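Q: got a sequence here, can you model it:
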Amino acid sequence: MHPKPARRRPARRAGGVPGPVPARDDQVSITLPRALAIGITSATAIALAWPSTAQADGFENVAAGARTAAMGGAAIAGGSDSAMPTLNPAGLALIPGSVLSVSASLYHLGLVTVPHFVSDTDEISSQWGTLSLSQKGIRSLAFSSFPSSIAYFWHLGSAESPHVLAASLTVPRNLKRRFSENYEFLGEGVAIKENQTTLIDEQQYLAALSWGAGFDDLRLGSSLLLGWTSFVRTSERSDLVVLGTGGFQRGQTRESRAENSVDAGLMVGVQYDVLPWLRVGATARSPSLHVAGRFEGSVDNTGIPDQGDTLIATTQSHGEATRGIPLRFGLGLEARFEDWSVALDGQVFLPRTLEFALEGRSINSSIGGAADRPDFDVEIRSRARLNPVINAAVGCEYRVTESNWIRAGLFTDFSALEPTSEQLERLPAIRGPVPPGIFFELPVHRFGASVGWGTKVGVIDTTLGIRGSYGHGRTLRVVPDQRYDRTHAIESTDVTVLEGAAFLSAALDVSEAAGGLMDHVGTMGE
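A: Predicted coordinates for the structure are as follows:
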C-alpha cells in the first residue's frame, strides 16, 4: 500500500528542544521524539503501511455454478447456472424453469512453499560467526470446506419470452494460509532458537438481486451486488539467543490486523445468438461503492538485550477499511454442436486505489530501554498498489447420454500485486525487528485445470468435479547474512503455490418438480 504523506509536526528532544523528525516519504510521516529508538519506529511504520491484501492472490479464486466450475469458469456466453448472477446475469434467461441451486460444496487444499525462506545454503554469517541451520524453508498447508453459492431463480413469462428474477449468495473468495516453523541456528559459543507463525484468513460474501430476460436471439440482464469482505492476519516471530558465557538475549514481535468492508456494485450483461451454433456474451461490473468498513491492528515488540534494560513497545491502530469490488469487463463465446460445446472467456480486472485502502490513526507507546521514549502518533493514509489483471478460461462439454455430461476446462488466476522487484524499490533497510507482516504476499500468476461429471436424475441436476492450479514466482525474505544484524536488507526468493479443490453441485428444477407433482395428483384424482 502507498500511504499519503501526512503533515509533519516538530518533535522534541528529551530536554524539550524541537528536533528533526525521522520519517520516510515512501511510507508514513510520524510525530515522535528524537530520543525514540529508530529501529522500533522503522518496524512499526512499515507494519502499519505495508499492504495486507490477500486480494493480490487473485480477485476471485472460487468458481460457482455446476457447469461453470467444471468448465474452468468459462460461461459468459452460454452459462445457465448459479454462477450467472455474478458472472453474466443475461444467462438467467436460458434457465428453463424455476430452480433452487446449491453450488458447490468445496473441499479446498492449499500448499505454499518457500524453499529458501531463511537461506539458500545450510549456513549463514552473523555477528557471532558462521551459524548452521536446521532447515532452510517454510511452507503453508491449509484445508478448508465451505458452500460457495446458493441461489433461487424464479421463472416468469413464457418459453418464447422468458423473464427470470434471482436472489443469490456466493463466496467468490476463500483464502486460508498458515505458515509455522521452528528453526535452530548453531555456532561456536552460540545457539539460537527461532519461531515464526503467520495466519491469513480472507472471505468474501457477495449477495445479488438479479434480472434476466430473453427477446428472440437476444438476452439482457442486470444484478445489484452487495459484498462483505473479512480479512484477518496475525504474525508472530520470536528468537532466543543463548551465548556460551551464560548470557542471553531475546526478541519477540507480534502483529495482528482485522479488516471488514461492506461495498456495493452493479453488473450488466448481454448474450446474443450470432448463428444457430454460435453465441457471444459480454458483461461489465461497475467499480464498487464503499458503504462501511473498519480495521483494528496492533504491533508489539519486546527486546531483552544481553546487557541493558528491557524495551517493550506497542502500537494500537484503528480506522476505516475498504476492500472493494474492482471494475471488471468480460467477453465470451460458445460454439454448440450436437453432442458437444466449447466456450472461451476473457476477463479484465481494473482495480482502483480507493477500493483497497486504510485511513486511521495509531497510538504508540514504549517502556524501558536506556532513553526516554514518550508516546507518539502515526496517521495512516494508505492505498494499495495493484495492477490490472487479465484472466482467460476455455471449457468444453461432451454429452455422453441424454442425462450425462463430461466437462473440463483450463483457466488462469493471475496476481494483481506489484512484483517483488517493485516492492523492493520502495522498501528501505529495516533497523530493529523485522515486521513479519511484510512476508507471504504472493505476486504469483497461476494456471489451472478442472474436470467434472454432470448427471441429471429426475428433477435434480448434479455435477461432481475437481479443480487445481499451480504457480511459481518470487516473494520477500531477509538477506540471510543480515538476519541477526542490527540493520536488515530485504530481497526476493522463490515461492511455489499449489491449490486443489473438490466440489459437488446440485440444482433442483422446482417448476419440473411441481409439474410432476400436479400430474401425479391429477392421475390420482382420475
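
Q: give me the low-pLDDT residue ranges for the stretch 401-526 of the chain?
A: Flagging of the stretch 401-526 of the chain using pLDDT under 70 yields the residue ranges 432, 514-526.

Q: buried residues in stretch 456-465?
A: Within stretch 456-465, the residues scored as buried using 16 or more other Cβ atoms under 10 Å are Lys456, Val459, Asp461, Thr462, Thr463, Leu464, Gly465. Glycine gets a C-beta too; all of them are placed from N, C-alpha and C.

Q: how far away is the residue nearest to the first one when sequence neighbours are not counted from Tyr272?
A: Read that as Lys456. Nearest non-adjacent residue to Lys456, counting by Cβ to Cβ, 6 or more residues apart in numbering: Ser403, 4.4 Å away. Ser403 sits 29 Å away from Tyr272, taking Cβ to Cβ, to the nearest Å as the criterion.

Q: what of Thr420?
A: Thr420 is 43 Å from Tyr272, by Cβ to Cβ.

Q: who has more neighbours, these two?
A: Thr420 (22 against 16; other Cβ atoms under 10 Å).

Q: just to revisit the earlier point, mind checking how far the residue nearest to Lys456 is from Ala507?
A: For Ser403, the distance to Ala507 - Cβ to Cβ - is 13 Å.

Q: more crowded one of the two?
A: Between Ser403 and Ala507, counted using other Cβ under 10 Å, Ala507 has the larger neighbour count: 25 against 12.

Q: wait, Thr113 sits on Gly137?
A: Yes. Using Cβ atoms under 8 Å, Thr113 is in contact with Gly137, at 6.8 Å.

Q: all helices for the stretch 151-300 of the chain, in order.
A: In the stretch 151-300 of the chain, no segments count as helices under DSSP state H, counting those that start in this stretch.

Q: which residue ranges form the strands in it?
A: Per DSSP state E, counting those that start in this stretch, the stretch 151-300 of the chain carries strands over the ranges 162-187, 190-215, 218-243, 248-275, 278-285, 289-304.

Q: pull out the buried residues from the fifth one.
A: Yep, that's strand 278-285 we're talking about. Arg279, Val280, Gly281, Ala282, Thr283, Arg285.

Q: which one of those residues is nearest to Ser82?
A: Proximity of the buried residues of strand 278-285 to Ser82 was ranked by Cβ to Cβ; the top entry is Thr283 with 15.8 Å.

Q: leaving out chain neighbours, which residue sits closest to that closest one?
A: Gly269 (3.9 Å).

Q: same deal with Thr463?
A: Per Cβ to Cβ, 6+ apart, closest to Thr463 is Ala66, 3.7 Å.

Q: and that neighbour, its phi and psi?
A: Backbone torsions of Ala66, given as degrees, to the nearest 10, read phi -70, psi -60.

Q: and for it, the neighbour number?
A: Ala66: 30 neighbours (other Cβ under 10 Å).

Q: I'd say Arg399 and Asp339 touch.
A: Yes. Arg399 lies in contact with Asp339 (Cβ under 8 Å); the separation is 4.6 Å.

Q: okay, these two: which has more neighbours?
A: Neighbours around Arg399 and Asp339, counted as other Cβ under 10 Å, are more numerous at Arg399. The numbers are 15 against 10.

Q: who are the packing partners of the one helix or strand that one maps to?
A: Assigned by DSSP states H and E, Arg399 belongs to strand 389-401. Strand 389-401 is packed against strand 340-350, strand 404-413, with contacts defined by 3 or more Cβ pairs under 8 Å, 6 or more residues apart in numbering; DSSP states H and E.

Q: check which residues of the helix or strand following the last one are buried.
A: Going back to what we said before, that points to strand 404-413. Of the helices and strands lying after strand 404-413 in sequence (DSSP H and E), the nearest is helix 420-425. By neighbour count on 16+ other Cβ under 10 Å, the buried set for helix 420-425 is Thr420, Gln423.

Q: run through the neighbouring helices and strands of helix 420-425.
A: Counting by 3+ Cβ pairs under 8 Å, 6+ apart, helix 420-425 packs on strand 460-478, strand 490-509.

Q: so which of those strands comes closest to Leu165?
A: Per Cβ to Cβ, nearest to Leu165 of these: strand 490-509, 16.3 Å.

Q: so that closest one versus strand 162-187, what angle?
A: Computed by axes from the mean of the first three to the mean of the last three Cα atoms, to 10 degrees, the angle separating strand 490-509 from strand 162-187 equals 150 degrees.

Q: buried stuff in strand 490-509?
A: Applying 16+ other Cβ under 10 Å to strand 490-509 flags 490, 492-499, 501-509 as buried.

Q: stretch 347-367 now?
A: Those would be 347, 349-351, 355-360, 362, 364, 366, for stretch 347-367 by 16+ other Cβ under 10 Å.

Q: and it, end to end?
A: 52 Å (Cα to Cα, to the nearest Å).

Q: centre of the chain versus that stretch, how much separation?
A: 15 Å (Cα atoms, centre = their mean, to the nearest Å).

Q: need the contact list for Thr463.
A: 66-67, 69-70, 103-104, 407, 452-455, 503-505 (Cβ atoms under 8 Å, 6 or more residues apart in numbering).

Q: ah, wrong one, I meant Ile200
A: Per Cβ under 8 Å, 6+ apart, neighbours of Ile200: Ala54, Leu175, Lys176, Arg177, Arg178, Val232, Arg233, Phe440.

Q: so it bridges to which residues?
A: Arg177, Arg233 (DSSP bridges).

Q: any idea how far Ala506 is from it?
A: 31 Å.

Q: ok, the spatially closest residue to Val274 that is not a sequence neighbour - contacts?
A: Counting by Cβ to Cβ, 6+ apart, Val274 lies nearest to Val280, which is 5.8 Å off, once chain neighbours are set aside. Residues in contact with Val280 (Cβ under 8 Å, 6+ apart) are Ala77, Gln271, Tyr272, Val274, Leu331, Gly332, Leu333.
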